[in-house]
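Engineer: only geometry, no sequence info:
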Ligand SMILES: C[S@@+](CC[C@H](N)C(=O)[O-])C[C@H]1O[C@@H](n2cnc3c(N)ncnc32)[C@H](O)[C@@H]1O
């Protein structure tokens, strides 16, 4: 595991995660629409604290939420909908997870770029229904008027150097022959109001800006710089954000390799 991936094991990162804006409701309408088989069982890989798994569970038969961070899973269990009877959490790397398909949908929200793709796909493909789709979902604020001023601060403190904004994880997976891409969509934008303090906490939920990777002095300096930058844009300390999600889906492909050691399938 890289140092950045390891940040998801930290208590402070898991605690800061609640300040990420929720995915727009349209994401869940679209995910439901992509289920073309019974049983309506979903596998959520790199589930974190369940930003996808928890709102999706009431709409489907079952969700298996897999994440290798105990702290993220603990946070997810405590959040609204985290204790639904049809939502099952498992702390494990997806590559070796104990899967209980067949799944009609696999969701990966802001997570697949962390995973070893060949091993991950070798693990999940044998557990899919005939029409099952893998959906990669990303979301975030767009058209932030303060971004030009904020970026130099983020770059100064980020632990992720050489960030390439043109990199597309979906293109990379497809180019490796692991995904037969069949569709993409962008949701309508939704307004989300967030205090400057919560916005700063949200920044600390990202692996590259985790508090655990900063000294206490650096974290204070970072928070002050961001606060000063955002204050003129806030009304009564609150920012208006415009949130958009991007979905890309298709059929995951298992490349020829060592035999999959998946557990025997439960009957559908
Ligand atoms: C940025 S978070 C996204 C969480 C959630 N899906 C969401 O949309 O908010 C990425 C998550 O992927 C998990 N993760 C990374 N690599 C993993 C792997 N190989 N197996 C399982 N989980 C992994 C991390 O622990 C982290 O919780």
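Structural biologist: Now that the structure is in, tell me what you want to look at. All values derive from a computational prediction rather than experimental measurement. Residues are numbered from 1 along each chain as shown.
Engineer: can we go C-alpha only for contacts and neighbour counts from here?
Structural biologist: Will do.
Engineer: ok, which stretches of the stretch 151-268 of the chain are helices?
Structural biologist: Using DSSP state H, counting those that start in this stretch, the helices of the stretch 151-268 of the chain run over 169-175, 196-204, 216-230.
Engineer: what about stretch 210-225, distance to the chain center?
Structural biologist: Put simply, stretch 210-225 sits 24 Å off its chain's centre (C-alpha atoms, centre = their mean, to the nearest Å).
Engineer: Does that stretch reach the ligand?
Structural biologist: No - shown here: stretch 210-225 not in contact with the ligand (C-alpha under 6 Å from any ligand atom), separated by at least 11.9 Å.
Engineer: Now for the nearest residue to residue 68 once chain neighbours are set aside: which residues touch it?
Structural biologist: The shortest distance from residue 68 to any non-neighbouring residue, by C-alpha to C-alpha, 6 or more residues apart in numbering, is to residue 92 (4.3 Å). Residue 92 is in contact with 66-69, counting by C-alpha atoms under 8 Å, 6 or more residues apart in numbering.
Engineer: residue ranges with poor pLDDT in the protein?
Structural biologist: 1-2, 257-268 (pLDDT under 70).
Engineer: got the residues of it near the ligand?
Structural biologist: Contacts of the chain with the ligand, taken as C-alpha under 6 Å from any ligand atom, map to 8, 46-48, 50-52, 66-69, 72, 92-94, 108-111, 114-115.
Engineer: Out of these, which end up buried?
Structural biologist: The neighbour count (16 or more other C-alpha atoms under 10 Å) marks 8, 46-48, 50-52, 66-69, 72, 92-94, 108-111, 115 as buried among the residues of the chain next to the ligand.
Engineer: So which of those sit within strands?
Structural biologist: Among these, DSSP state E puts 66-67, 108-109 in strands.
Engineer: Quick check: residue 250 touching residue 136?
Structural biologist: No - proximity of residue 250 to residue 136 does not meet the contact threshold set by C-alpha atoms under 8 Å, at 9.0 Å.
Engineer: Please, where are all the strands along the stretch 51-200 of the chain?
Structural biologist: 62-67, 87-91, 103-109, 128-141, 179-186, 190-195 (DSSP state E, counting those that start in this stretch).
Engineer: any chance of the ones you listed in CSV, plus distance to residue 20?
Structural biologist: Listed next are those as CSV, based on distance: least, C-alpha to C-alpha, whole Å:
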stretch, distance to residue 20
strand 62-67, 18
strand 87-91, 20
strand 103-109, 13
strand 128-141, 8
strand 179-186, 19
strand 190-195, 10
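Engineer: what sits opposite the closest residue to the ligand within the stretch 101-250 of the chain in the beta ladder?
Structural biologist: Ranking the residues of the stretch 101-250 of the chain by distance to the ligand (C-alpha to the nearest ligand atom) places residue 109 first, at 3.7 Å. Residues in a beta bridge with residue 109, per DSSP bridges, are residue 137.
Engineer: And residue 243, by the same measure?
Structural biologist: residue 141, residue 190.
Engineer: can you check the one 4 residues further on too?
Structural biologist: Each beta-bridge partner of residue 247 is listed here: residue 137, residue 185, as defined by DSSP bridges.
Engineer: From residue 238, how far off is residue 195?
Structural biologist: Distance of residue 195 to residue 238, given as C-alpha to C-alpha, to the nearest Å: 4 Å.
Engineer: Then residue 3?
Structural biologist: Relative to residue 238, and taking C-alpha to C-alpha, residue 3 is found at 33 Å.
Engineer: more crowded one of these two?
Structural biologist: More neighbours surround residue 238 than the other of residue 3 and residue 238, with 17 against 11 (other C-alpha atoms under 10 Å).
Engineer: Surely the more buried one and residue 194 touch.
Structural biologist: Yes - if you go by C-alpha under 8 Å, residue 238 and residue 194 touch, sitting 5.4 Å apart.
Engineer: Stretch 65-84: how far from the chain's middle?
Structural biologist: For stretch 65-84, the separation from the chain centroid amounts to 13 Å (computed by C-alpha atoms, centre = their mean).
Engineer: so who does residue 60 touch?
Structural biologist: For residue 60, the contact set (C-alpha under 8 Å, 6+ apart) comprises 32, 40-42.
Engineer: Fine, thanks again, bye for now.
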